[in-house]
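>>> got a sequence here, can you model it:
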Amino acid sequence: MRKLFIGILAIAVVFGMSMGVMADEGHEATIDQDGTNLDAMIEQVGESHEAKITQEGNLWGLGHDIHDPGWEAATYSWIDQAGIRNEAIINSVSSSDNTALFLRINQDGEENFAEINRNYDGHGANSWSEIDQMGNENKAIIDSYLSDYPWSISSAVTIYQDGDENKADVFSGGETQNLGGSDADLVQEGNRNIIELVQTEANAWIKQDGDDNLFRLEHNTEFPAQNDSEVFFTQEGDENKFVGFNGEEKTDWAVQTDSVFAGQQTGDRNVIGLHQGGNDSAEINQIGNDNTALLWQSEDAGHSSDINQEGDENTAEVIQSTN
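Numbers count the residues shown, from 1 in each chain. Alright, predicted model coming up:
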């Protein structure tokens, strides 16, 4: 049973129901909290609603690893929405020691928007940011930024989307060798979905099931002696692509520096394009027909590459250079 906290509990519940059907539209719910050990929850049913939670202050908590099943957060922020064209935003800014946060948005419906902004400037933190969306044409954004301070961080972000034409954007960054970004676990099930991940000093697990999906990546390890940074990636289906981006300019290469990549595509007419610039290694597996794997490893460092293809009319190319 969750321990009782001496703090603030704020609950806003907004239901748009009339005679058993969702009728009301356009509700707005906002919670602003500044203090210690904060809880906030918003529930909305209907369409075109807006929900926003902002928590600031010394969000002091527990010092447990977030991957420990017994981990508990001292500060909770939770939004549930059911319906279409809803918007949910959580902003969390903390500057205390031993922060322990759980930030979550659940949306069931179509054309919904969810965003979590996590900004931390302090000694040590445990935090979990999660967005779950069920339906089509939804968008999820998580921005997890850990600013300069010489203590370690345990942080993770996760997005799960089930449906077609959904989009997930994640920025996970940090400024020092001890403060890396947040580990990312991103899953999409359906067709014509997009994942875009920009990540520093952290690990990523990416899975897309369906056809005509797209994964874009920029992944850097600036302090490889202190941080082992890896990307594990799978796509199952046809006409899927793993490529990259450079600001607003789209490119044919995902970008990775001083990291490890392990990726597999199962299906036909799939594409992997990866550029590694550092002390990198890559393992690429493609099972199916008419697939393409392009690997470019550059800079003055030792590289290793392994491409395995099973099927007909497949193409593989490896470029290894010192510039």
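
>>> when you work out contacts or count neighbours from here on, use the C-alpha atoms and nothing else.
Will do.

>>> so which strand or helix has Glu165?
Secondary structure from DSSP states H and E places Glu165 outside every helix and strand.

>>> mind listing what it touches?
With contact set as CA atoms under 8 Å, 6 or more residues apart in numbering, Glu165 has these partners: Asn136, Glu137, Asn138, Gly190, Asn191, Arg192, Asn193, Ile194.

>>> pull the number of nearby residues for the last one.
This means Ile194. Using other CA atoms under 10 Å, Ile194 has 20 other residues around it.

>>> state the distance spanning the first to the last residue of stretch 116-130.
End-to-end distance of stretch 116-130 (CA to CA, to the nearest Å): 8 Å.

>>> out of the contacts of Glu165, who's nearest Lys52?
Closest approach between the contacts of Glu165 and Lys52, by CA to CA: Asn138, at 17.4 Å.

>>> thought the closest one was touching Lys167?
Yes. Here Asn138 reaches Lys167: they are 6.4 Å apart, a contact under CA atoms under 8 Å.

>>> which one of these two has more residues nearby?
Asn138 (27 against 22).

>>> ok, that one to Arg118 distance?
For Asn138, the distance to Arg118 equals 21 Å [CA to CA].

>>> Leu103 too?
Using CA to CA, Leu103 is found at 9 Å from Arg118.

>>> before we move on, what about Ala168?
To Arg118, Ala168 is 16 Å away according to CA to CA.

>>> go through the strand or helix carrying Phe242 and flag the buried ones.
Element membership of Phe242, judged by DSSP H and E, is strand 241-246. Neighbour counts over strand 241-246 (16 or more other CA atoms under 10 Å) mark Lys241, Phe242, Val243, Gly244, Phe245 as buried.

>>> was I right to think the fourth one contacts Val271?
No. Gly244 is beyond contact range of Val271, at 11.7 Å (criterion: CA under 8 Å).

>>> still on that earlier bit, among the contacts of Glu165, which are in strands?
Ile194 (DSSP state E).

>>> which member of the contacts of Glu165 is positioned nearest Gly288?
Using CA to CA, Asn191 is the member of these that lies nearest Gly288, at 18.3 Å.

>>> in JSON lines: the contacts of Glu165, plus distance to Gly109 and pLDDT.
Formatted as JSON lines, the contacts of Glu165 follow (distance: CA to CA, whole Å; pLDDT from 0 to 100):
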{"residue": "Asn136", "distance to Gly109": "7", "pLDDT": "97"}
{"residue": "Glu137", "distance to Gly109": "9", "pLDDT": "97"}
{"residue": "Asn138", "distance to Gly109": "8", "pLDDT": "97"}
{"residue": "Gly190", "distance to Gly109": "15", "pLDDT": "97"}
{"residue": "Asn191", "distance to Gly109": "16", "pLDDT": "98"}
{"residue": "Arg192", "distance to Gly109": "17", "pLDDT": "97"}
{"residue": "Asn193", "distance to Gly109": "16", "pLDDT": "97"}
{"residue": "Ile194", "distance to Gly109": "18", "pLDDT": "96"}
